[in-house]
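Student: sequence unknown, structure follows:
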Ligand SMILES: OC[C@H]1O[C@H](O[C@H]2O[C@H](CO)[C@@H](O)[C@H](O)[C@H]2O)[C@H](O)[C@@H](O)[C@@H]1O
């Protein structure tokens, strides 16, 4: 785990309080496991830990729970007492030019309500977080700025959510707020070398889909006169790129023609239950020996790093969470994001006059693109497939701690033969090439994310094929785009439709898919607007995810109730409304 200064202190305290965390989470003190880890301490951690050590816990379950509850009341502060609501600068300014021109009064009112949500979701840390960081799990950069939370239980800034929130803020003219959100992330990279999953210390073991360079690009387009932005962002992006492209996240694959390719995967530096989902992870690993449980917990945390927590994409048997094998998957969307990051770094370097750096990142981008084309592009299926590395074997060893396959995963069919040990070697500094892997058969919306990232030229035969295959995929439903065809009960599977994915598909089809792509993009955009508007009209809610089959219905499944707020839902709606207007379509082309 990479941590320095303030966060080291915070993490040391987390380990001091680990016995309490275990007991309290196991006793189910709160319906949502995340509540406890977001509550500030009322006294210095050493004092709290000493008080806990002197506590006599009764054997009787109910009495034990009551004692733990009383302990929490005495030694902890209410959730959200580390935050205060703050109105972003320019929130009171008149709505941006495009918004008052929406002709339908009901839609105009909705757009106005969405715009006001940035004020509702904006937070800053209380002075106590800066004064006593060791009492808090809120993670701050050196010079923290106000930020936007997704909403409800997600009461901190998140990494990939921020792209759609940021773009929503920008179409509303909230430039200072957007600048602060990006500054927070750059500040975290400057200290930790990567952007954590979210701004809490328990997220420091992993990142999330790497979209910072896209946020910098969006902000740069909105503030072309800010000469400082790229100067600050470029070194941070270089650090982030290295975090994603070196082992254990970086892997080397050898194709059947002998050619080696460097790609990346999700890999969390964590082999314990996630503190924010402690009870859930303990229960998923029930019955496993300690080493097997530790390996599974890494796989679960790595799935959380993907943003797709959880999905059949990561499950060896396609349905059970205890077959999670995220680190054995080399994801198409992750590598597409990294391709885009490499292109953006090249463009920023070139703008700053750093020609050599620009050329080297153009080369990185071209190499990754060639690898994706050679290994992930499914010509017959017209989509980019995740790659599944052969399973490492049946148990966890020290090698597992270095990033090898999970214990519980069934071996992938060995279409391309090689030794399982090669998978393990992929994680090592020596970077021996993995030769045993195959394309995943899961039909997930992520298979078309490379279209959004420009992994094939606009209007090319491959791009047109991708649009046609998306139309035939079964993912496009009456009220939205399902993220996969597999009904597992997990939230990143059938029948859920997630705003960021829909937005990426719309923009990918529009930018690269020729005439057919543009038509589909416009129809998908209207479908999203119709369902988001209908949900708001029926319930006053802005759900984090939707049911792709029923207009205005919330999504479900997974380890927490569908929440309201919601950063990326509102951002995607505002961005699509500004781009496409309100033109309800009858059906998809
Ligand atoms: O508490 C469980 C998990 O919750 C988060 O994941 C979900 O919400 C995030 C915020 O909107 C979103 O970025 C992610 O895609 C969702 O699946 C969190 O990111 C996980 O790390 C956490 O374990």
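Tutor: Yep, it's here. Computed from a predicted structure; not experimentally measured.
Student: And the strands in this structure, which stretches?
Tutor: For the chain, the strands defined by DSSP state E occupy 83-85, 122-125, 147-148, 250-254, 260-264, 329-330, 377-378, 383-384, 387-389, 437-439, 496-497, 546-547.
Student: okay if I get these as CSV plus mean neighbour count and distance to residue 240?
Tutor: All C-beta atoms are positioned from the backbone trio N, CA, C, and that covers glycine. Output for those, formatted as CSV (neighbours: other CB atoms under 10 Å; distance: least, CB to CB, whole Å):
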stretch, mean neighbour count, distance to residue 240
strand 83-85, 14, 26
strand 122-125, 19, 23
strand 147-148, 28, 19
strand 250-254, 21, 13
strand 260-264, 21, 12
strand 329-330, 27, 19
strand 377-378, 18, 26
strand 383-384, 28, 22
strand 387-389, 26, 23
strand 437-439, 21, 26
strand 496-497, 26, 29
strand 546-547, 27, 31
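Student: pLDDT score assigned to the closest residue to the ligand within the stretch 1-150 of the chain?
Tutor: Nearest to the ligand in the stretch 1-150 of the chain, going by CB to the nearest ligand atom, is residue 150, at a distance of 4.2 Å. In this model, residue 150 is scored at 98, pLDDT.
Student: Quick check: it vs residue 135, distance?
Tutor: In this view, residue 150 and residue 135 are 24 Å apart by CB to CB, to the nearest Å.
Student: okay, the two: which has more neighbours?
Tutor: residue 150 (26 against 22; other CB atoms under 10 Å).
Student: if I pick that one, what's in contact with it?
Tutor: Listed by CB atoms under 8 Å, 6 or more residues apart in numbering, the contact set of residue 150 reads 121, 158, 161, 165, 544, 563, 565, 566, 567, 568.
Student: neighbours around the nearest residue to the last one once chain neighbours are set aside, how many?
Tutor: It refers to residue 568. Once flanking residues are discounted, residue 568 sits nearest to residue 164: 3.8 Å by CB to CB, 6 or more residues apart in numbering. Residues lying near residue 164 (other CB under 10 Å) number 26.
Student: swap in residue 78?
Tutor: For residue 78, using other CB under 10 Å, the count is 12.
Student: how far away is it from residue 128?
Tutor: 13 Å.
Student: thought residue 569 was touching residue 541?
Tutor: No: with contacts counted by CB atoms under 8 Å, residue 569 stays clear of residue 541, the gap being 9.2 Å.
Student: Those two: who's more crowded?
Tutor: Shown here are residue 569 and residue 541; by other CB under 10 Å, residue 569 has more neighbours (32 against 18).
Student: wait, what's in contact with that one?
Tutor: Residue 569 neighbours (CB under 8 Å, 6+ apart): 499, 532, 542, 543, 544.
Student: Now do it against residue 542, distance only.
Tutor: 5 Å.
Student: Show me whatever sits in contact with both of the two.
Tutor: residue 532.
Student: residues in this structure within reach of the ligand, list them.
Tutor: By the rule CB under 6 Å from any ligand atom, the part of the chain lying against the ligand is 34, 150, 154, 158, 160-161, 197-198, 274, 276-277, 304, 307, 309, 559.
Student: so of those residues, which ones are in helices?
Tutor: Mapping the residues of the chain next to the ligand onto helices (DSSP state H) picks out 34, 161, 304.
Student: Pull the residues that contact stretch 70-80.
Tutor: With CB under 8 Å, 6+ apart as the criterion, stretch 70-80 contacts 20, 24, 29, 35-36, 38-43, 48, 51-52, 55, 155.
Student: Quick check: buried residues in it?
Tutor: 71, 72, 75, 76, 77, 79, 80 (16 or more other CB atoms under 10 Å).
Student: top of the contacts of residue 150 by neighbour count?
Tutor: Counting by other CB under 10 Å, top hit in those: residue 165 with 32 neighbours.
Student: number of nearby residues for residue 209?
Tutor: 24.
Student: List the contacts of it.
Tutor: 159, 160, 306, 307, 333, 334, 337 are the contacts of residue 209 under CB under 8 Å, 6+ apart.
Student: Out of those residues, flag the one nearest to residue 251.
Tutor: Lowest distance from residue 251 to the contacts of residue 209 (CB to CB) belongs to residue 334, with 11.1 Å.
Student: how near is the residue nearest to that closest one when sequence neighbours are not counted to residue 138?
Tutor: Nearest residue to residue 334 in three dimensions, chain neighbours excluded: residue 264, at 5.8 Å (CB to CB, 6+ apart). Separation of residue 264 from residue 138 (CB to CB): 29 Å.
Student: can you check residue 204 too?
Tutor: From residue 204 over to residue 138 (counting by CB to CB), the distance is 12 Å.
Student: any low-confidence regions in this structure?
Tutor: Along the chain, segments meeting pLDDT under 70 span 1-12, 392-431, 586.
Student: what's the single longest helix in it?
Tutor: The chain, longest helix under DSSP H: helix 514-539.
Student: what would the strands of the chain look like in CSV with distance to residue 239?
Tutor: Conversion of the strands of the chain to CSV gives the following (distance: least, CB to CB, whole Å):
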stretch, distance to residue 239
strand 83-85, 28
strand 122-125, 24
strand 147-148, 21
strand 250-254, 14
strand 260-264, 15
strand 329-330, 22
strand 377-378, 30
strand 383-384, 27
strand 387-389, 26
strand 437-439, 29
strand 496-497, 34
strand 546-547, 36
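Student: Cool, thanks, signing off.
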